[in-house]
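Trainee: need a structure here:
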Amino acid sequence: MGPLAGDKPVSRRYPARRRPRRPSRRGRQGDQLLIGAAVVVGALTLVVTLVRWLVAHWWVLLVVAVAAAAVTVAWLYQRAQAARWAQVRARGLRFAMSQLDALHHRAFEHAVRDLMHRDGCGDAQQVGGAGDRGVDVTATDPYGRRWVIQCKHRKNGEHGSAIGTPDLQRLNGTARPLHGADVVVIVTNGRFSSQCPPMAKSMDIHLVVRRTLGEWAAGGRPLWELLRVPPPRNRRGQE
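Mentor: Residues are numbered from 1 along each chain as shown. Down below sits the predicted model:
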């Protein structure tokens, strides 16, 4: 039956929806502490269980130690063998002039470095590049002398342009003052101009001409013997 005339409409009030209560900060910290404690207890339990197992099975530790020692010895042996073979390959390094002629100028510098290393200069390194101040290779020979070398590669070999006196002057100005050179060298697969030998002699610069380079690269004698650079006297214990 519908509402009677004159009756006021009855408004219905619904209860307000309660917002979910967020856990307090203190409660969150408490939960985190409980979780952390549970993790620590679990880790300690695992460690204690592992230690007990290892005590009961001590031979496992012995097997692991022996295996680790065997692996270490094998690794050291392989490393020593690799170093020994590297020395053998270095001593047997050879280049034909046709190989040197075909190199890029940077690879030519690396070849000169490797030849110095072959002859006993353990610290030989290629330093040529931007800002090299006219020096491409440095090395210390077995007598303790510091070699400073400039490399001049010609794509056409002896038929290329000649090395001129400006290169000698540039090297002379940097090799000893800036690089502490005892022996200064210019090596080329090409040729030097006629003015270079007398100027090089006055500056105490050694010129490695194509013929000398070919003999050196073929092996047998180190560069200081080919250039007849005498051993130093009273230097680092050498006589």
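Trainee: immediately after the helix or strand bottoming out on mean pLDDT in the chain, which helix or strand?
Mentor: Least confident helix or strand of the chain, by mean pLDDT, DSSP states H and E, is helix 58-91 with a mean of 71. Note on helix 58-91: by DSSP states H and E, the next helix or strand toward the C-terminus is helix 97-102.
Trainee: contacting residues around the spatially most central residue of the chain?
Mentor: Central residue of the chain (Cα atoms, centre = their mean): residue 125, 11.8 Å from the mean position. Going by Cβ atoms under 8 Å, 6 or more residues apart in numbering, residue 125 touches 113, 137, 138, 139. All C-beta atoms are positioned from the backbone trio N, CA, C, and that covers glycine.
Trainee: does the second one have beta-bridge partners, and which?
Mentor: Same thing as residue 137. Residue 137 has the following beta-bridge partners by DSSP bridges: residue 126, residue 149.
Trainee: contacts only, for it.
Mentor: By Cβ under 8 Å, 6+ apart, the residues touching residue 137 are 109, 112-113, 116, 124-128, 147-149, 151.
Trainee: and the least confident of those?
Mentor: Among those, residue 128 carries the lowest pLDDT, at 70.
Trainee: pretty sure that one sits against residue 106.
Mentor: Yes. Residue 128 lies in contact with residue 106 (Cβ atoms under 8 Å); the separation is 7.1 Å.
Trainee: how about residue 157, nearest residue that isn't a chain neighbour?
Mentor: Distances taken as Cβ to Cβ, 6 or more residues apart in numbering place residue 101 nearest to residue 157, at 4.7 Å, with adjacent residues excluded.
Trainee: looks like the one you found contacts residue 189 (just checking).
Mentor: Yes. Residue 101 lies in contact with residue 189 (Cβ under 8 Å); the separation is 5.7 Å.
Trainee: tell me the domain ranges of this structure?
Mentor: Here the domain parsing of the chain from automatic domain parsing is 33-89, 97-226.
Trainee: could you dump those domains to JSON lines with distance to residue 232?
Mentor: Listed next are the domains of the chain as JSON lines, based on distance: least, Cβ to Cβ, whole Å:
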{"stretch": "domain 33-89", "distance to residue 232": "25"}
{"stretch": "domain 97-226", "distance to residue 232": "6"}
